[in-house]
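> could you work out the structure for the sequence below:
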Amino acid sequence: MSRKTGEKLEGTVIMKQTLTIPEAFLGVGYAKDRAGLPLEAVRVPVARPGADQVLICVAASSLNPLEYKLADLNFFRRTPPVVLGLDLSGIVVAAGSAVRGVAVGDAVVAMADLNGDGGWVAGGGEGSYALAREFLTVHKPQSLSFRDGAALPMCFLSAFASLYPTVQPGDTVYIPGGGGGVAHLAVQMAAHVLGAGLVISSGSTPQSMALARQSGAHYVFDYKRDDIAAEISKLTGGRGADLVFDATYSEAGFVETAKTVRQGGSWIVLGVGPGKTTRIVETESPVNSILAERGAKHINVNILRYFSEPATLDDEAKAFLKRGMTLAMEWAVQGQVLPHVGRTIDSSVEAINAGLQSLKSGAGTLGKVAVIVDRELAEAS
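Modelled structure (predicted):
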């Protein structure tokens, strides 16, 4: 999108010239079913918004493990080519007939549908365009950068859907892997806004453990050296954690964290859960028997269903997600739940492949990896 300097007004960027939306753009994604990494440059048409959608000229995005999993498995049976990059921040350039909450020219943060194209662009100075539903699109506060806004949607909503309905004031909450993209936000959420009495986390490096502490964890253990179940038992007078939120996606880790739940407590897992993490082969897992011995609840939070078929969601589900996106902006501005951006990369095939490969190998950057899709626009915030 060619543009001149925008005028800022109460968090909204008013563009001073007519917007020209191209017919297509060169994105980063996959061109055949179950392509896996590395991703490649693929040209896709710029879609026009449906009644409840907005089209966003993308300023920034971020990396999520879900993106390399989509490329590995294409588990929504998409017809390639598919462009990835599902976290979005940018400027609304078109809006559907039923959209009322945002308008053309607004600076927004959004989450794209998983069955639509994302916003990564393959460099070369082209703009990037992605659709989002109005209920997953919120105004970007002026004090929040496009980069930091784009680091929030998927990870924030994952933590929000898991903890917001379940954490009770005073609870002892264990969140392993507190240096991770979802977990460092979850630690902040539990410690700073949901009223947990004791927040415990874990890590395997000094850096990841430091981020968990910085995020608000009262105790952080080394999961490679410490007997965390025993440590939590000591801290809780032998009871265990009221609630465990495990977003690590580690089969071995699931078994260990299940041992930390108190009698009658809750063990919450993000995604499909124990024995199913490959999505290809189902294996036996002892987690359910461990939880059964404790009379603990096994809760799966799978946000994929919210984004794979958004047209089928009822009003209650849409309102819940809208509430999450709104609170993400409010809590970030208030400094209560802020994304830690450990690394910022340009949007290019090479940089995105390197970043995703790092996530896949387990050697990912602390917190989030941000992607600057349009540097001129991102720096205008």
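> got any ranges where the stretch 51-200 of the chain has weak pLDDT?
Applying pLDDT under 70 to the stretch 51-200 of the chain picks out residues 124.
> switch the cut-off to 80
When residues are selected by pLDDT under 80, those of the stretch 51-200 of the chain lie in 75-76, 123-126.
> so which residues of it form helices?
Taking DSSP state H, counting those that start in this stretch as the test, the helices found in the stretch 51-200 of the chain are 65-73, 146-150, 153-163, 183-188.
> and the ones you listed, which is most packed in?
Greatest average neighbour count among the helices of the stretch 51-200 of the chain goes to helix 183-188 (a mean of 31), per mean count of other C-beta atoms under 10 Å. Every C-beta, even on glycine, is put in place using the N, C-alpha and C of the backbone.
> same for that one, what does it pack against?
Here helix 183-188 touches helix 153-163, strand 172-175, strand 198-203, helix 206-214, going by 3 or more C-beta pairs under 8 Å, 6 or more residues apart in numbering; DSSP states H and E.
> need the ones you listed in a markdown table with distance to residue 41, can you?
Shown next, in a markdown table, are these (distance: least, C-beta to C-beta, whole Å):
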| stretch | distance to residue 41 |
| --- | --- |
| helix 153-163 | 23 |
| strand 172-175 | 38 |
| strand 198-203 | 36 |
| helix 206-214 | 33 |
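> which of those sits closest to residue 237?
Proximity to residue 237 (C-beta to C-beta) singles out strand 172-175 among the helices and strands packed on helix 183-188, at 10.2 Å.
> wait, which of the helices and strands packed on helix 183-188 is closest to residue 234?
Proximity to residue 234 (C-beta to C-beta) singles out strand 198-203 among these, at 11.1 Å.
> now that closest one: how far from the chain's centre is it?
Distance of strand 198-203 from the chain centroid (C-alpha atoms, centre = their mean, to the nearest Å) equals 20 Å.
> quick check: buried residues in it?
198, 199, 200, 201, 202, 203 (16 or more other C-beta atoms under 10 Å).
> swap in stretch 163-178?
Of the residues in stretch 163-178, 163, 164, 166, 167, 171, 172, 173, 174, 175, 176, 177, 178 count as buried by neighbour count, 16+ other C-beta under 10 Å.
> distance check, the second one against residue 212.
Spelled out, that is residue 164. Distance from residue 164 to residue 212, counting by C-beta to C-beta, to the nearest Å: 20 Å.
> hmm, residue 102 and residue 108 touching each other?
Yes - Residue 108 is within contact range of residue 102, at 5.8 Å (criterion: C-beta atoms under 8 Å).
> which one of these two is surrounded by more residues?
A direct count of neighbours by other C-beta atoms under 10 Å for residue 108 and residue 102 places residue 108 higher, at 29 against 20.
> what's across from that one in the sheet?
Residue 108 has these beta-bridge partners by DSSP bridges: residue 90, residue 139.
> so who does it touch?
Counting by C-beta atoms under 8 Å, 6 or more residues apart in numbering, residue 108 touches 54, 56, 88-92, 102, 132, 137-140.
> can I get these in JSON lines including distance to residue 352?
Shown next, in JSON lines, are the contacts of residue 108 (distance: C-beta to C-beta, whole Å):
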{"residue": "54", "distance to residue 352": "24"}
{"residue": "56", "distance to residue 352": "19"}
{"residue": "88", "distance to residue 352": "15"}
{"residue": "89", "distance to residue 352": "17"}
{"residue": "90", "distance to residue 352": "17"}
{"residue": "91", "distance to residue 352": "22"}
{"residue": "92", "distance to residue 352": "24"}
{"residue": "102", "distance to residue 352": "27"}
{"residue": "132", "distance to residue 352": "20"}
{"residue": "137", "distance to residue 352": "23"}
{"residue": "138", "distance to residue 352": "25"}
{"residue": "139", "distance to residue 352": "27"}
{"residue": "140", "distance to residue 352": "23"}
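> Throw the buried residues of strand 198-203 into a markdown table and include distance to residue 151, thanks.
Listed next are the buried residues of strand 198-203 as a markdown table, based on distance: C-beta to C-beta, whole Å:
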| residue | distance to residue 151 |
| --- | --- |
| 198 | 27 |
| 199 | 21 |
| 200 | 24 |
| 201 | 19 |
| 202 | 22 |
| 203 | 20 |
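> farthest-separated two in the residues you listed?
Among the buried residues of strand 198-203, the pair separated by the greatest distance (C-beta to C-beta) is 198 and 203, at 17.4 Å.
> Three-state assignment for residue 225, please.
State at residue 225, reduced to three classes by DSSP: H, G, I helix; E, B strand; the rest coil: coil.
> count of residues packed around it?
Neighbour count for residue 225, taken as other C-beta under 10 Å: 8.
> not counting residues beside it along the chain, what's closest to residue 372?
Distance criterion C-beta to C-beta, 6 or more residues apart in numbering; nearest residue to residue 372, sequence neighbours excluded, is residue 378 at 5.1 Å.
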